[in-house]
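my questions concern the predicted model and sequence given below.
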Amino acid sequence: MRADGGMVTMRAHPPAAGYGRRRVLGGIACVLGTGFAPSARAQKWDAIVGGNGAGHCATLGEAIEQARGAGGRPFRIRLSKGVYREKLIIGVPDLLIEGEGPDSILTFDAAAGMTKPDGNRWGTGGSASLIINAPDVTLRNLTVRNGFDFIADQRTHASGGSQAVALSLARGADRTWIDRCRIEGYQDTLYVEGRALFTDCSIAGGVDFIFGGAAAWFNRCAITTRFVPDAPIQGYVAAPSTPRGHPFGLVFADCRLLREAGVPDRSAFLGRPWRAGGNMDLVGAAAYLRCWMDAHIRTEGWSAMGYRNPMGTQTMLEPREARLVEWGSLGPGAGPASDTRRLLTAAEAQRFTRANVLAGWSPAQRP
């Protein structure tokens, strides 16, 4: 698993609509009209993507470029229902993108081993449909998807690397709030760095599908393991790469660990510790608090993960060497304590609060 690679912005395929006359404004092309002022709905949004009203943009990329030219003030984008095939980087801080529900879909279909327009390969991080590389970004009420056909690639191995990220919170991201969103992929669906809050989200994937070194709080999320035909191990939910000096990593509170039809009992792990690049300072941390787990979760809970140490030797990082814990697990996938499955005491669990994990940050409610 890697999180590197380049990125380009592709054009979208928005919902069919007549977009009328256009003018280029600071690098964007949004529809001309009478402006936003007459409409209370329009006053709420600095840009509206999709539709054919006054001031509407054809693509999300155009709206983000408009935000880039807004002088650093908070900027609000409305994403109308539709499928937008775009590959984007958000480098603008203090940005809100809000959809109209799960049918507001941003998608692309790149995978790590596929070739970019410049002839190089995407790499894991470069495969992401959406990269957030700025602080104080909020996504709300929309879907981010990587549409790469993982199942077909498991048969053909044509891609040369099947990691395909949907959403990447990259090194520049911090204080990211993902609210009521769907995040969909198979391998490496969601990469997280910085401080991040996920509320009432749906996250679907298979192999290491929530990964990274973030201090992240997942609250009341549905986390679904996807079915891969003929795979004896259906996947690993979390792959934390938390720095040793950080007390908290990926924390799942009051979540539900679900499975697609066909995923067998005892076929998926809660996760495994990722020592990215053989960096010995990375000692993954993940916690499940009061989570309901279906029967696809294996009794041993966690698995080891390989890495190459500084001497070049292939080594396994075992669960007991990392910080992988549970408290108050429920459902048929909740297992007994063991050498690979550490259960916190009630006193130990008290340390795991949202305020502690996010170092005191809490997002302000936005209109």
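That came in fine, so what should we check first?

from now on I want contacts and neighbour counts done on CA atoms only, so please keep to that.
Fine.

now the helices for this structure?
40-44, 60-68, 123-126, 150-156, 346-349, 354-357 (DSSP state H).

what are the buried residues along stretch 258-271?
Leu258, Arg259, Val263, Pro264, Arg266, Ser267, Ala268, Phe269, Leu270, Gly271 (16 or more other CA atoms under 10 Å).

out of those residues, list just those in strands.
Per DSSP state E, strands hold the following members of the buried residues of stretch 258-271: Leu258, Arg259, Ala268, Phe269, Leu270, Gly271.

hang on, the earlier thing: which one of the helices of the chain is the most hemmed in?
Ranked by mean neighbour count under mean count of other CA atoms under 10 Å, the helices of the chain are led by helix 123-126, which reaches a mean of 26.

can you show me the CA trace of that one as CSV?
Extracted in CSV, the C-alpha atoms of helix 123-126 (Å, rounded to 0.1, in the frame of the first residue of the first chain):
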residue,chain,number,x,y,z
GLY,A,123,0.1,5.2,-7.7
THR,A,124,-2.3,4.7,-4.7
GLY,A,125,-2.7,8.4,-3.7
GLY,A,126,-2.9,9.6,-7.3
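
centre of the chain versus that helix, how much separation?
Centroid displacement of helix 123-126 relative to its chain, using CA atoms, centre = their mean, to the nearest Å, is 13 Å.

sorry, back to before: need the helices of the chain in JSON lines with distance to Phe218 and mean pLDDT, can you?
What follows is these, written out as JSON lines (distance: least, CA to CA, whole Å; pLDDT from 0 to 100):
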{"stretch": "helix 40-44", "distance to Phe218": "28", "mean pLDDT": "58"}
{"stretch": "helix 60-68", "distance to Phe218": "26", "mean pLDDT": "97"}
{"stretch": "helix 123-126", "distance to Phe218": "21", "mean pLDDT": "96"}
{"stretch": "helix 150-156", "distance to Phe218": "25", "mean pLDDT": "95"}
{"stretch": "helix 346-349", "distance to Phe218": "16", "mean pLDDT": "96"}
{"stretch": "helix 354-357", "distance to Phe218": "9", "mean pLDDT": "98"}
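
to Thr242, which of those helices lies closest?
Among these, the nearest to Thr242 by CA to CA is helix 354-357 (12.4 Å).

list the contacts of the closest one.
Ala215, Ala216, Trp217, Pro247, Phe248, Gly249, Val251, Gly360, Trp361, Ser362 (CA atoms under 8 Å, 6 or more residues apart in numbering).

can I get those residues in JSON lines including distance to Gln350 and neighbour count?
Below are these laid out as JSON lines (distance: CA to CA, whole Å; neighbours: other CA atoms under 10 Å):
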{"residue": "Ala215", "distance to Gln350": "17", "neighbour count": "28"}
{"residue": "Ala216", "distance to Gln350": "17", "neighbour count": "26"}
{"residue": "Trp217", "distance to Gln350": "15", "neighbour count": "25"}
{"residue": "Pro247", "distance to Gln350": "14", "neighbour count": "14"}
{"residue": "Phe248", "distance to Gln350": "13", "neighbour count": "25"}
{"residue": "Gly249", "distance to Gln350": "15", "neighbour count": "29"}
{"residue": "Val251", "distance to Gln350": "13", "neighbour count": "27"}
{"residue": "Gly360", "distance to Gln350": "15", "neighbour count": "9"}
{"residue": "Trp361", "distance to Gln350": "18", "neighbour count": "14"}
{"residue": "Ser362", "distance to Gln350": "19", "neighbour count": "14"}
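
in strands only, show me the residues you listed.
Those of the contacts of helix 354-357 lying in strands (DSSP E): Ala215, Ala216, Trp217, Val251.

Asn279 and His157: what is the separation?
Asn279 is 29 Å from His157, where distance means CA to CA, to the nearest Å.

just to revisit the earlier point, looking at the helices of the chain, which is closest to Gly185?
Closest approach to Gly185 among the helices of the chain is made by helix 150-156 (8.5 Å; CA to CA).

quick check: phi and psi on Gly69?
Torsion angles at Gly69 (phi, psi; degrees, to the nearest 10) stand at phi -90, psi 10.

where does the prediction get shaky in this protein?
Where the chain drops to pLDDT under 70, the residues are 1-43, 54-55, 365-367.

go again using 50 as the cut-off
Low-confidence segments of the chain, defined by pLDDT under 50: 2-29, 32-41, 367.

where does the closest residue to Ser80 other than its chain neighbours fall, phi/psi-wise?
Excluding its sequence neighbours, the residue lying closest to Ser80 (CA to CA, 6 or more residues apart in numbering) is Gly50, at 5.3 Å. Backbone torsions for Gly50, taken as degrees, to the nearest 10, come to phi 90, psi 170.

I figured Gly50 was touching His56, is that so?
Yes: if you go by CA atoms under 8 Å, Gly50 and His56 touch, sitting 6.3 Å apart.

wait, what's in contact with the closest residue to Leu344 other than its chain neighbours?
Of all residues not flanking Leu344 in the chain, Trp327 sits nearest, at 5.3 Å (CA to CA, 6+ apart). Residues near Trp327 by CA under 8 Å, 6+ apart: Ala287, Tyr288, Leu289, Arg290, Leu343, Leu344, Thr345, Ala346, Ala349.

fine by me, we can end here.
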